[in-house]
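Q: This is a predicted model, with the sequence first.
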Amino acid sequence: MRLGLSSCSKPFGEELFKAYAAAGIDAMEISYGKEATEALDFAQAKQWAESTGVALWSLHLPFMPFNIIDISYPTIADRTVDYFLDLMRRANGQAGVTRFIVHPSGEPIMDSRRALRMETAQRSLARMAAAADELGAVVCVENLPRTCLGKNSDEMLELLKAHESLRVCFDTNHLLGEDFAPFIEKLGDKIVTTHVSDYDFVDEKHWLPGEGKLDWPRLVKCLQAAGYDGAWLYEVGFAPPESAPWRTRDLTCEDFAANYRSMMQKL
């Protein structure tokens, strides 16, 4: 698996691409908030990618604030999809991005509204997938925690029914009620990209692998058995979170590369 890393709100620019390349990270997921994503110069990003050899692996579509962005909320779903399609066309046309990560919902979602939210999300995803087909791209639905849609393999399979071209972004720290082994087995070759991070099995933490409770050798073997050949893409913030008091400094690109080597050596 190639080594990838989310930009995770690190200042976007040529120096970030150079730092990735120097550490041996050859795939970048562009991931920023709404305003920062809208302001991105994708044509310039393509030049930086080509000059450093760091592939623009994916674009994480914005997912907050929930009252403005949510493909599952009936009154704003169509507007959200229109917004996403514009970003997808810009990123694809100007920089050749072909993977678009989308959250299937915001939260909280009450049980009484879950069926409606699922139906709305499916309609939205069908529109997005059809547009991605025209671009030669793919929409990757991310599994989410807590009350969000896509909280387990059954809900992910339900979401994927919306369009045959939909694929999965497997977030390793979002499964709160299901072991990753059956999740990976059920989704199989639909998993085309990852968000790699660790957690405590209580809630998402986005810790560096090895800081939480995940069995990484077993997880990698499950992905390999499913035929996964995409990026091992870290989604861990560079700055230490409050939930990780043992981390006393910002992470560097070299830290992620070292963690990757450590994970692979344990196989």
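A: Structure received.

Q: Would you indicate which residues of the longest helix belonging to the chain are buried?
A: The helix spanning the most residues in the chain, taking DSSP state H as the definition, is helix 114-135. Within helix 114-135, the residues that qualify as buried are 117-118, 120-129, 131-132, 135, counting by 16 or more other C-beta atoms under 10 Å. (Each C-beta comes from the backbone N, C-alpha and C, glycine too.)

Q: which one of those residues is nearest P74?
A: T120 (5.1 Å; C-beta to C-beta).

Q: Which residue ranges of this structure form helices?
A: Using DSSP H, the helices of the chain run over 14-23, 34-38, 42-52, 77-95, 114-135, 153-160, 180-187, 216-225, 253-265.

Q: which residues touch the first one?
A: In this case it means helix 14-23. 5, 7, 10, 26, 28, 48-49, 51-54, 252-254, 256-257 (C-beta atoms under 8 Å, 6 or more residues apart in numbering).

Q: swap the cut-off to 7 Å and go again
A: 5, 7, 10, 28, 48-49, 52-54, 253-254, 256-257 (C-beta atoms under 7 Å, 6 or more residues apart in numbering).

Q: and it, which residues are buried?
A: 16-17, 19-21, 23.

Q: Now do it against helix 42-52: the angle between them, please.
A: 30 degrees (axes from the mean of the first three to the mean of the last three C-alpha atoms, to 10 degrees).

Q: Could you number the chain from 18 rather than 1 from now on?
A: Got it, first residue is 18 now, which makes that one helix 31-40.

Q: Number of residues surrounding P82?
A: 11 (other C-beta atoms under 10 Å).

Q: what's the closest non-adjacent residue to it?
A: K51 (7.8 Å; C-beta to C-beta, 6 or more residues apart in numbering).

Q: Distance to T211 added to the buried residues of helix 31-40, as JSON lines?
A: Formatted as JSON lines, these follow (distance: C-beta to C-beta, whole Å):
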{"residue": "L33", "distance to T211": "20"}
{"residue": "F34", "distance to T211": "21"}
{"residue": "A36", "distance to T211": "21"}
{"residue": "Y37", "distance to T211": "17"}
{"residue": "A38", "distance to T211": "21"}
{"residue": "A40", "distance to T211": "18"}
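
Q: Return the member of these nearest to Q111.
A: F34 (15.9 Å).
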